[in-house]
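Visitor: below are the sequence and a predicted model for it; my questions follow.
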Amino acid sequence: MTVPGKNAGSISHQPGKAAEFELHWINADNAHLLENVAAGVFDEAIVPARLMAYLANPANMMCVAMSGDLVVGMVMCVVHLHPDKPTELYLDEIGTGDVWRRQGVARALMLKVFERADDEDIEEIWLGTEPDNTPAIGLYESFGVKPEKALIYYLDW
């Protein structure tokens, strides 16, 4: 799937020309695609052993947006199976390269997640974000949803 976007301001694009990117679901066979990642896509550097462990778990999903050989965005999700209710999908992380923001990358990645959830008969997707993350809130609300009140606890040990 190729998604046209606005000029991303990246050195891989000429100013004034539309940026394009392709979306790829990542698995062990194509994990090498993560060797060239734009700044800002992930919070920290990818650790190969952690990546392989992540990909080995069938409940985990990762999709990336690529411009040429550069990863310019990613989304990671976890499938939650329950014994008492339908399967749901937790959208764990979504990131866009610093110079690729507001170019349609995150929207395209979310639409790809929706498509996969439909294919797998998943009826609910949930996520969380910080109350001051206005770009993320704008993105999520652009899909016609409103936030619900929730409390989050981080348990460190």
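Guide: Thanks, I have it. Numbering: from 1, shown residues only.
Visitor: state which helix of the chain is the longest.
Guide: Ranked by residue count and defined by DSSP state H, the top helix of the chain is helix 105-119.
Visitor: remind me what it packs against, helices and strands.
Guide: strand 2-5, strand 19-25, strand 60-67, strand 70-80, strand 88-96, strand 124-126, helix 134-141 (3 or more C-beta pairs under 8 Å, 6 or more residues apart in numbering; DSSP states H and E). C-beta: built from backbone N, CA, C; applies to glycine.
Visitor: if we go by neighbour counts, what in the fifth one is buried?
Guide: It refers to strand 88-96. For strand 88-96, burial by neighbour count (16 or more other C-beta atoms under 10 Å) applies to 88, 89, 91, 94, 95, 96.
Visitor: ok now do the nearest residue to the third one once chain neighbours are set aside, which residues does it touch?
Guide: For residue 91, the nearest residue in space outside its immediate sequence neighbours is residue 127; the separation is 3.9 Å by C-beta to C-beta, 6 or more residues apart in numbering. Going by C-beta atoms under 8 Å, 6 or more residues apart in numbering, residue 127 touches 90, 91, 92, 140.
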